[in-house]
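> make a model of this:
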Amino acid sequence: MESLSETIQPEDNSYRPPHMKYETPAGFDLMDIMAFAAHGQPYEYFHTLREKAPVAWWQPPADTDIAGFWSLSRYEDVKKCDLDAKTFSSGTGGILMGYSARQQGPKRLGGAALNSMINMDQPFHIPLRMAHRPFFTPDYIAHLQARVEGEVDRLLDNLEAIAKKNDGKVDMVTNFSEWLPMYTLCEMLGIDEKDRHKIVRWMHYLENAQYIISNPNAKISPIFIMKFLWNIRQMFNYGQKVLQDRRKNPRDDLLTVIATTEVDGEPMDQSYLDGSWLLIIFAGNDTTRNSLSGTMRLLTQFKDQKQMLLDDPNLVPSMVPEALRLVSPVMYMRRTALAEATFSGQQILPGEKVVMYYGAANRDPDVFHDPDKMDMHRNNVQDHLAFGTGPHVCLGQRIANMQLETAYRRILDRFPNVEWTGKQSHAPNNFVNAISHLEVDLGIN
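Below you'll find the model as predicted:
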């Protein structure tokens with residue numbers, strides 16, 4: 001199997017589609033990562049897109065080597081694209097916009113971003129998913145849940161101790177949300193406890209990698225750049241060492257599965273090993289972390305929903321999918337058309353890029369009544385696309401749901417008066433809803 005990073009073709013920045021049904025409305029730039037840092041997901045602009053240009057063309061600046069793309073903002077269009085993996089390829093160009101720009105950074109980082117299961121089409125994608133499957137079954141998750149419950153209690157003890165020193169206020173992200181999914185993923189992967197603090201640090205650098213690599217003229221401290229490059233090297237060196245050890249000394253963990261999985265009868269090369277373990281860490285961390293933080297904000301904004309949960313904690317499983325719909329922690333996935341297709345009357349030609357915006361689809365009023373309102377009792381609460389759908393639906397969605405349900409039950413039981421203070425910030429990232437800080441008042445005074 002050839003590495004995608006070695007076979008990917010340069011993206012044509014000059015291409016313009018021959019026919020555009022809709023004019024892209026002004027008001028927000030989906031390619032400007034700093035706009036996301038300032039505002040988070042542009043839900044009002046998504047509303048404009050759905051109404052005026054549900055399939056809008058985005059042309060990158062001429063001084064970049066990023067391909068233009070069609071944005072999909074209606075639920076049915078996003079779902080149709082995600083389900084049709086034969087027409088819309090993940091492996092032809094990858095699932096992120098602007099891989100060419102990313103290659104200006106560390107080569108190994110660019111390779112890992114491309115060479116992983118999430119960027120694969122058939123015949124390689126499904127066999128790799130099946131190899132990972134034993135660690136995502138209901139039985140395994142039930143076994144893991146007891147350990148997650150213990151970690152939630154430990155983190156909440158620490159959260160309370162910090163809040164007591166700060167008039168009841170504490171940053172939800174850095175003291176809880178980023179640690180719980182990291183603990184869970186490290187347990188699954190089999191990462192030794194002494195190494196886990198390194199993983200958290202490396203994830204911070206990875207989350208900022210898009211800004212650093214795609215903005216070569218940005219004013220970034222040389223010291224930070226040195227730290228960034230050093231941490232990236234350390235991360236890959238660690239992964240290579242531990243995966244080599246698992247091949248020699250296998251354990252009952254997911255790192256061993258990654259290290260020993262074969263493709264076409266051959267062990268995966270180092271570039272795919274790099275991509276495989278980082279995909280589990282990064283994808284699993286972002287979905288759960290940002291959902292945890294974003295939901296605490298929602299429960300402050302929709303106090304009636306919070307009160308329902310306080311009155312009946314058994315409603316938590318109904319609240320989780322509704323919160324995921326509203327938060328939409330993964331903002332988009334990109335595909336490349338292999339054949340002609342049509343969305344909302346717009347013709348898509350072979351070779352054109354299509355970007356599915358899950359945050360826009362999840363607030364489509366044609367599917368979700370009063371879509372900006374939190375309503376855990378809506379009749380289609382499970383129909384959200386926060387985990388995607390089709391062959392590439394998130395493998396870890398059951399793990400994420402288990403963590404979220406466990407966390408919300410215990411948070412509301414211990415801190416029924418918890419509220420978001422209104423203070424929050426986002427990292428410069430247009431791929432994940434990267435909530436970097438969110439202050440809550442635990443209401444313990």
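
> enumerate every residue touching Met235.
Lys198, Trp202, Tyr205, Leu206, Leu278 (Cβ atoms under 8 Å, 6 or more residues apart in numbering). Just so you know, the C-beta spots here come from the backbone N, C-alpha and C atoms, and that holds for glycine as well.

> over to Leu442?
Applying Cβ under 8 Å, 6+ apart to Leu442 gives the contacts Leu159, Glu160, Ala163, Gly168, Lys169, Val170, Phe415, Asn417, Val418.

> circling back to that earlier point, buried subset of the contacts of Met235?
Trp202, Tyr205, Leu206, Leu278 (16 or more other Cβ atoms under 10 Å).

> what about the last one, distance to Glu6?
Okay, so that is Leu278. Leu278 is 18 Å from Glu6, where distance means Cβ to Cβ, to the nearest Å.

> hmm, back to that, now the contacts of Leu442 in a markdown table, with secondary structure?
Below are those laid out as a markdown table (DSSP: H, G, I helix; E, B strand; the rest coil):
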| residue | secondary structure |
| --- | --- |
| Leu159 | helix |
| Glu160 | helix |
| Ala163 | helix |
| Gly168 | coil |
| Lys169 | strand |
| Val170 | strand |
| Phe415 | coil |
| Asn417 | coil |
| Val418 | coil |
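
> which one of those is nearest Lys373?
Of all those, Val418 has the smallest distance to Lys373: 20.9 Å, by Cβ to Cβ.

> from what I can see the closest one touches Leu438, true?
No - with contact defined as Cβ atoms under 8 Å, Val418 does not count as touching Leu438 (11.6 Å).

> and for these two, which residues touch both?
With Cβ under 8 Å, 6+ apart as the test, Val418 and Leu438 both reach Met296.

> grab the nearest non-local neighbour of Asn285.
Distance criterion Cβ to Cβ, 6 or more residues apart in numbering; nearest residue to Asn285, sequence neighbours excluded, is Pro181 at 4.8 Å.

> can you give me phi and psi for Thr435?
Actually, residue 435 is Ile. It isn't Thr. Note on Ile435: backbone dihedrals following degrees, to the nearest 10 are phi -80, psi 110.

> mind checking how far the residue nearest to it when sequence neighbours are not counted is from Leu243?
Among residues not flanking Ile435 along the chain, Ser293 sits closest, at 4.5 Å (Cβ to Cβ, 6+ apart). Distance, Ser293 to Leu243, using Cβ to Cβ: 31 Å.

> so for the two, which sits in the more crowded spot?
Per other Cβ atoms under 10 Å, whichever of Ser293 and Leu243 has more neighbours is Ser293, with 26 against 20.

> check contacts around the more buried one.
Met172, Val173, Ser177, Gln424, Ile435, Leu438.

> neighbours of Ser116, just the number please.
Ser116: 25 neighbours (other Cβ under 10 Å).

> is it true that it touches Gly275?
Yes - checked against Cβ under 8 Å, the pair Ser116 and Gly275 is within contact range at 3.3 Å.

> which is the succeeding secondary structure element to the helix or strand of the chain with the lowest mean pLDDT?
Within the chain, no helix or strand scores below helix 99-102, which has a mean of 54 by mean pLDDT, DSSP states H and E. Next along the chain after helix 99-102, taking DSSP states H and E as the criterion, comes helix 107-114.

> buried ones in that next one, by neighbour count?
Arg108, Leu109, Gly110, Gly111, Ala112, Ala113, Leu114.

> got the contact list for Leu206?
Met235, Leu278, Phe282.

> so which of those is the closest to Leu315?
Phe282 (31.0 Å).

> give me phi/psi at that closest one?
Given degrees, to the nearest 10, the pair of backbone angles that Phe282 has is phi -70, psi -50.

> same question, Trp57
The phi and psi values for Trp57, taken as degrees, to the nearest 10, are phi -90, psi 130.

> my guess is Val320 contacts Leu404, does it?
Yes - in terms of Cβ under 8 Å, Val320 counts as a neighbour of Leu404; the distance is 5.0 Å.

> now the strand or helix carrying Val257, how far from the centre of its chain.
Element membership of Val257, judged by DSSP H and E, is helix 254-260. Remark: helix 254-260 is offset 22 Å from the chain centroid, using Cα atoms, centre = their mean, to the nearest Å.

> for that helix, packing partners?
helix 125-132, helix 179-189, helix 222-248, helix 270-301 (3 or more Cβ pairs under 8 Å, 6 or more residues apart in numbering; DSSP states H and E).

> nearest to Phe36, of the ones you listed?
Per Cβ to Cβ, nearest to Phe36 of the helices and strands packed on helix 254-260: helix 270-301, 12.3 Å.

> pretty sure Gln424 sits in a strand.
Yes - counting by three-state DSSP, Gln424 is found in a strand.

> would you agree Thr406 is in contact with Val152?
Yes - judged on Cβ under 8 Å, Thr406 makes contact with Val152 at a distance of 5.6 Å.

> how close does Leu255 sit to Ile444?
39 Å.

> between these two, who's got more neighbours?
Using other Cβ under 10 Å as the criterion, Leu255 and Ile444 rank with Leu255 on top: 23 against 14.

> contacts only, for that one.
Leu189, Gly190, Ile191, Val242, Leu243, Arg246, Trp277.

> and Pro18, by the same measure?
Leu349.

> in the stretch 301-445 of the chain, which spans are strands?
332-337, 341-343, 346-348, 353-357, 419-426, 435-441 (DSSP state E, counting those that start in this stretch).

> using PDB, list the CA coordinates for the fourth one.
Think strand 353-357. Provided in PDB are the C-alpha atoms of strand 353-357 (Å, rounded to 0.1, in the frame of the first residue of the first chain):
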ATOM      1  CA  LYS A 353     -13.400  19.300  -3.500                       C
ATOM      2  CA  VAL A 354     -16.500  19.200  -1.300                       C
ATOM      3  CA  VAL A 355     -16.500  20.200   2.400                       C
ATOM      4  CA  MET A 356     -19.300  19.000   4.700                       C
ATOM      5  CA  TYR A 357     -20.100  21.400   7.500                       C
END
